[in-house]
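# Quick check, what structure comes out for this input:
(2 chains)
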Amino acid sequence: MAADGSLAGAALRRGAPNSLQRFARRRSSIAVLMTTPLLVIIIGLVAYPAVYAIYLSMLNRRMTEFVGTLNYEILLESETFWMVAFQSCFFAITAVLLKAMIGFWLAHMLHDIPDKGQRKWRGMLLVPWVIPPALSTLGWWWMFDPSYSSINWLLAVISVPEVPWLGHHWWARIAIIMVNVWIGAPFFMIMYLAALKSVPEQLYEAAAIDGATGFQRLRYVTLPMMANIISITVLFSLIVTFANYDIVRVLTNGGPRDLTHVFASYAFQVGILSGNIPRGAAVSLFMFPILAICAFFVLRSVVRRNKEQM
Amino acid sequence: MAEVSLRKIVKAYEGDVQAVKGIDLEIADHEFCVLVGPSGCGKSTTLRMIAGLEEITSGEIAIGGTVVNDIPPRDRDIAMVFQNYALYPHMSVYDNMAFGLLLRKFPKAEIDRRVKEAARILDITVLLDRKPKALSGGQRQRVAMGRAIVRDPKVFLFDEPLSNLDAKLRVQMRTEIKKVHQTVRTTTVYVTHDQVEAMTLADRVVVMNHGIIEQVGPPQELYHRPATRFVAGFIGSPAMNFIPARLENGAAALNLVLADGSVLPVPEDRTARYKSHAGRAVLLGLRPEHLTEPREGRGTYADIAIQPEVIEPMGMETLVHFHLGEARDLCARIDPTLDAHPNTPLRLTADMAHMHLLDPESGRVV
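The predicted structure is shown next:
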């Protein structure tokens, strides 16, 4: 025993690693230490607000009492809420589809311009995406203004009757979509352009020799090669468009008669302007399951496609 | 199947840079024609013009008697194998091969028959369900060839198809390509920068340089009777030695006098051919295989004393690198059993029966 004890003592004196040193040397400990800043940011800026929003949505208006799912039940019975849900979906789907199509078309046009001239056009076409949306929407608001609408003036030139852009709910919805497409299409364009550039030229040459027409090259080479970028861009844009707030706020403020509200602007109206923060939180939380389902299906198809190509 | 005619083909890019400078070439039906030359000589551009992937600045290309200048690639009835294979990554091997037939609206049963037949010829039947990513370089190369074969086109075009393969596989695939051509006998235009590939595959080799054709002929003819210094130096490995010399009238026949004063006799049967160049500076062209260890027997031999700089034992032969006066980077092929060492004097014999005489000014072989 005495011998054992003296041996252990000698080992310690020679500098055998203590438990703190052992902890620091483990790979898993290093991994935890290195990811801690990120975890802190995610917990502070994502997890905490999300959990807090869920907690808030279960309080009463004065935030003094826990009411469970009452806020959700009230919303599900409200006609306005269902209208907001419809408008949000209609707005997001239509706008994303249009952005995707226009972006794809623009990307193709740009791709066909020789490199020298391309930069100039690319820069100009990116301008709508670079300007702060609140500012550019203000510009659009002036153009839609019933008294001095420049768009209506242009329409009058070709003898088209005046359009009540922001006065009628369907025209207002179209106006919101137009502005969103104008702002968002360049993002699709730039993503698709990058994807187009990554398709090897020889694939098109091989397809041309195989007998493919221009459309067939698009159908059998371009689209499959770009499928993943298209899916991810659409998903990303769907999330951003679905949660859009500034365009509706500046252009229509939800009007006429609350018919152009989307989830975010309605949540702001209910939660901040009407002072019912718990119900506002409940409105905004409805976005989450819808987007989660979309994300699940899109990402699953991306993963599947990646596996297939292996 | 068809013959291919190139008439005064010019390809000029912006700024008047001419990649191809008016070449004429007739490729016969069933022929395996190889365009060979260094990078930038215009061989790939020529092939791409035949394919229709590159516009022709002037001149005329005809396939099977039809001028195809304004016909798009898909209607030229050609198939092409690219250097990097250009397989569609999202399609299986089967779909890659069937794609061209599908676009041409072939019946399903016929597509299936052709794909399976091509797969059998190329020994890739077990790979038909795989995606290109799951294939090795050699397998991808076979699929690319399969895609060409199924179409049964008038002409096969190969654009440096073996460049991306390792040395061993390259030799193997070279044999495969030759075998396939012996089986299907389709007119083939093959581009490579590798003269060994050109020599082994071709019925006829077209040597190109700076956008013009230097010489056209069967491999053996190019090897034995090169027309220009470029062809003489390009065909054969290691390259032909060029030694500056002076052609002098000797007592009986002509002699070549080297810078160091050594005298090499010119074979008598060449006297008439070379006589007009007597008294002038010339270039002696001798292949390394005709510069060997001393040997005896009939023929015109001449001894040369050299100081080897580098000895490269290759197993079946040994390469000796040396210089002779101003002529640098010379090479001789000697018997591997011979004891040669760097910087130790060595006697070599030049087999003058295989010599070439070049005019240093025009660069043409006399």
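# Tell me how many other residues surround whichever residue of the stretch 251-366 of chain B sits closest to chain A.
The minimum distance from the stretch 251-366 of chain B to chain A, using Cβ to the nearest Cβ, falls at B:G363 (36.1 Å). C-beta coordinates here come from the backbone N, C-alpha and C atoms, glycine included. The tally of other residues near B:G363 (other Cβ atoms under 10 Å in any protein chain shown) stands at 16.
# B:Y13 now?
Number of residues near B:Y13 (other Cβ under 10 Å) recorded here: 10.
# any idea how far B:E55 is from it?
For B:Y13, the distance to B:E55 equals 10 Å [Cβ to Cβ, to the nearest Å].
# Say whether chain A is contacted by stretch B:124-131.
Yes. For stretch B:124-131 and chain A, the contact criterion (Cβ under 8 Å from any Cβ of the partner chain) is met by B:K131.
# ok, B:P336 - contacts?
The contact partners of B:P336, by Cβ atoms under 8 Å, 6 or more residues apart in numbering or on different chains, come to B:P313, B:M314, B:G315, B:M316, B:E317, B:T318.
# Just the buried residues of these.
Neighbour counting with 16 or more other Cβ atoms under 10 Å in any protein chain shown marks B:E317, B:T318 as buried within the contacts of B:P336.
# quick one: low-confidence parts of chain A?
Counting by pLDDT under 70, the low-confidence segments of chain A come to A:1-17, A:309-310.
# Then chain B?
Counting by pLDDT under 70, chain B has low-confidence residues at B:1, B:298.
# Now A:K197. Its backbone dihedrals?
When read as degrees, to the nearest 10, the backbone of A:K197 gives phi -70, psi -20.
# One more: B:L127?
For B:L127, the backbone dihedrals (degrees, to the nearest 10) come out as phi -100, psi 0.
# From B:H193, how far out is it?
Summarising the geometry, the distance separating B:L127 from B:H193, computed by Cβ to Cβ, is 29 Å.
# Same question for A:M189.
From A:M189 over to B:H193 the distance is 40 Å, taken as Cβ to Cβ.
# Those two: who's more crowded?
Set side by side, A:M189 and B:H193 show unequal neighbour counts under other Cβ under 10 Å, the larger going to A:M189 at 24 against 18.
# Please identify the helix or strand for the more buried one.
helix A:169-198 (DSSP states H and E).
# Show me where the stretch 51-200 of chain B has its strands.
With strands called from DSSP state E, counting those that start in this stretch, the stretch 51-200 of chain B shows them at B:58-63, B:66-67, B:78-81, B:155-159, B:187-192.
# for the longest helix seen in chain B, which positions count as buried?
Under DSSP state H, the helix in chain B containing the largest number of residues is helix B:167-184. Neighbour-count burial for helix B:167-184, counted by 16+ other Cβ under 10 Å, picks out B:L169, B:R170, B:M173, B:R174, B:E176, B:I177, B:V180, B:H181, B:V184.
# residue contacts, the residue lying closest to B:I334 once chain neighbours are set aside?
The shortest distance from B:I334 to any non-neighbouring residue, by Cβ to Cβ, 6 or more residues apart in numbering or on different chains, is to B:E293 (4.6 Å). By Cβ under 8 Å, 6+ apart, the contact set of B:E293 is B:I334, B:D335, B:L338, B:R347, B:L348, B:T349.
# Format the residues you listed as a markdown table; extra columns: neighbour count.
Formatted as a markdown table, the entries for the contacts of B:E293 read as follows, by neighbours: other Cβ atoms under 10 Å in any protein chain shown:
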| residue | neighbour count |
| --- | --- |
| B:I334 | 21 |
| B:D335 | 12 |
| B:L338 | 12 |
| B:R347 | 10 |
| B:L348 | 22 |
| B:T349 | 19 |
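# okay, among those residues, which ones form the most distant pair?
Pairwise distances across these (Cβ to Cβ) peak at 12.8 Å, for the pair B:D335 and B:R347.
# could you measure the residue in the stretch 1-150 of chain A that chain B sits nearest to against B:E14, distance?
The minimum distance from the stretch 1-150 of chain A to chain B, using Cβ to the nearest Cβ, falls at A:P114 (10.4 Å). Remark: distance between A:P114 and B:E14 (Cβ to Cβ) = 10 Å.
# Nothing else from me, thank you.
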